[in-house]
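Q: Whatever this is, show me its structure:
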Amino acid sequence: MSRRVLTKAEMTDKGLAIQALTQAGIQFEEKGDNVLVLTSGSYKNARIDLSAGTVSGDSDYGHTEESFGVLRQYYGEAKAKAALLKSGSTIDERQVDQEGNIILMWHMN
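A: The predicted model follows:
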């Protein structure tokens, strides 16, 4: 039986959301000013509502709150990169550890 999957993702900045999706290799379509509809892979038919900061989908498409965690992770990375660049820092390296955590190596200029 189908059930709606909704998770709070705090994804409210359209530019950062687009950067995160691009980094993750996830294709999307813009629907109006505040909605991104994901169109590829296991996220197909999921929606990011930028005005509410939520990601929603349907269990019939295999969407789970856990799978949406990856989207939050890429968004967090985009947000961290933007803050580092704004502060004048340089990002030297990006690593992913065995648990899938993204690690950014940076230095202040």
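Q: just how off-centre is stretch 77-89 within its chain?
A: Stretch 77-89 has its C-alpha centroid displaced from the chain centroid by 16 Å (CA atoms, centre = their mean, to the nearest Å).
Q: does the nearest residue to residue 79 once chain neighbours are set aside count as helix, strand or coil?
A: Nearest residue to residue 79, sequence neighbours excluded (CB to CB, 6 or more residues apart in numbering): residue 16, at 5.6 Å. Every residue, glycine included, has its C-beta placed from N, CA and C. When classified by DSSP: H, G, I helix; E, B strand; the rest coil, residue 16 comes out as helix.
Q: wait, isn't residue 16 in contact with residue 77?
A: No - the pair residue 16 / residue 77 is not scored as a contact, 9.4 Å apart, by CB atoms under 8 Å.
Q: shared neighbours, the two?
A: Taking CB atoms under 8 Å, 6 or more residues apart in numbering as the contact rule, residue 16 and residue 77 have no neighbour in common.
Q: Number of residues surrounding the residue nearest to residue 79?
A: Close neighbours of residue 16, defined as other CB atoms under 10 Å, add up to 20.
Q: Spell out which residues sit in contact with it, please.
A: Contacts of residue 16 by CB under 8 Å, 6+ apart are 75, 78-79, 82.
Q: CSV for the residues you listed, including distance to residue 53 and neighbour count?
A: Listed next are those as CSV, based on distance: CB to CB, whole Å; neighbours: other CB atoms under 10 Å:
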residue, distance to residue 53, neighbour count
75, 10, 25
78, 14, 22
79, 12, 17
82, 17, 14
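Q: list the contacts for residue 63?
A: Counted by CB under 8 Å, 6+ apart, residue 63 has contacts 5, 42-43, 45-46, 57.
Q: Quick one, which of those are buried?
A: Among those, those scoring as buried are 5, 43, 46, 57 (criterion: 16 or more other CB atoms under 10 Å).
Q: Specify which member of these is nearest to residue 109.
A: residue 43 (35.8 Å; CB to CB).
Q: Surely residue 107 touches residue 90?
A: Yes - using CB under 8 Å, residue 107 is in contact with residue 90, at 5.8 Å.
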